[in-house]
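Q: how would this look folded up:
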Amino acid sequence: MTDARLGLTVTHRRYVPYSHAHYAGNLVDGAYALGLFGDVATEVCIRTDGDEGLFASYSDVQFRGAMRAGDVVEVTATVTRVGTRSRTIDFEARVVCRGRPDRGESAAEVLETPIVAVTATGTVVVPPPA
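A: Numbers count the residues shown, from 1 in each chain. Predicted structure coming up:
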């Protein structure tokens, strides 16, 4: 019997404000994506178990592309394993829109092909069933 929670996918989108840029070129540190992964994992736990759950660990994190202030980032979490109290989740953060200061101060574009910025696999835990 297959657990109906397997394959559940939750997606959030967020504009990356300029106040989060820490490096030259308006780059945002990788921890920004990990914070977004925590937010989307919380919704996964609410949907699967009716509880916010706790993030226990990451087994893999890969920084693959730049995230910049002015980007719109789409973060997706997919449940890949369901244990008694733990859930394994695959995460992906993609840049779907990017600022274009070369075209004007507030210019931006929707990217034809999103940029995969960060991928990860993590484990969350939830309380035992009542």
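
Q: name the helices or strands packed onto the worst-scoring helix or strand of the chain on mean pLDDT?
A: One helix or strand of the chain scores below all others by mean pLDDT, DSSP states H and E: strand 21-23, with a mean of 87. Contacts defined by 3 or more C-beta pairs under 8 Å, 6 or more residues apart in numbering; DSSP states H and E place strand 21-23 against strand 27-28. Quick note: C-beta positions are derived from backbone N, CA and C, even for glycine.

Q: switch the cut-off to 6 Å
A: Applying 3 or more C-beta pairs under 6 Å, 6 or more residues apart in numbering; DSSP states H and E, we find strand 21-23 packed against no helix or strand.

Q: name the residues of that strand that come out as buried.
A: residue 21 (16 or more other C-beta atoms under 10 Å).

Q: direction included, what does it pair up with?
A: Within its sheet, and counting by DSSP bridges, strand 21-23 is paired with strand 27-28 (antiparallel).

Q: what are the buried residues along the helix or strand following the strand it pairs with?
A: Downstream of strand 27-28, the next assigned helix or strand under DSSP states H and E is helix 31-49. Within helix 31-49, the residues scored as buried using 16+ other C-beta under 10 Å are 32-34, 36-38, 40-45, 48-49.

Q: packing partners for helix 31-49?
A: strand 9-15, strand 72-82, strand 86-99, strand 108-125.

Q: give me the residues contacting it.
A: Residues from elsewhere that reach helix 31-49, judged by C-beta atoms under 6 Å, 6 or more residues apart in numbering: 5, 10, 12, 20, 51-53, 55, 75, 77, 89, 91, 93, 118, 124, 126.

Q: most widely separated two among those?
A: 5 and 20 (32.2 Å; C-beta to C-beta).

Q: show me which of the contacts of helix 31-49 are buried.
A: By 16+ other C-beta under 10 Å, those give 10, 20, 53, 55, 75, 77, 89, 91, 93, 118, 124, 126 as buried.
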